[in-house]
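*Asks:* this one's sequence-less:
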């Protein structure tokens, strides 16, 4: 079942540009990962709030992706730029 993933994160003070640059570097590999149909990054005005919206073939595809990012150290790098863990929501596509 297709799954929409909404990830909301807040960059640490003074780290938003660094976070956006890092995301810009890693997003092409995300888009190329098996099961990823689409991913976009949004910012909320002049705040440190970012939202990533992605569409996956299945929740399992996203979980495999997240495990890969964890194993390669990307999640640890991202956590150093955020004030805390991101809020992740999984939505199942119905129609």
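*Replies:* Cool, the structure landed. Remember, it's a predicted structure, so these values are computed and weren't measured experimentally.
*Asks:* ok now the helix ranked longest in the chain, how far from the chain's centre?
*Replies:* If you go by DSSP state H, the chain has its longest helix at helix 16-32. Offset of helix 16-32 from its chain centre (C-alpha atoms, centre = their mean, to the nearest Å): 9 Å.
*Asks:* what's in contact with it?
*Replies:* When contacts are defined by C-beta atoms under 8 Å, 6 or more residues apart in numbering, helix 16-32 is touched by residues 9, 11, 36, 38-39, 41, 43, 48, 50, 52, 54, 65, 74, 77-78, 81-82. In this view, the C-beta of every residue, glycine as well, is placed from N, C-alpha and C.
*Asks:* now do the contacts for residue 3.
*Replies:* With contact taken as C-beta under 8 Å, 6+ apart, residue 3 is in contact with 55-59, 61-62, 90-93.
*Asks:* swap the cut-off to 7 Å and go again
*Replies:* With contact set as C-beta atoms under 7 Å, 6 or more residues apart in numbering, residue 3 has these partners: 56, 58-59, 62, 90-93.
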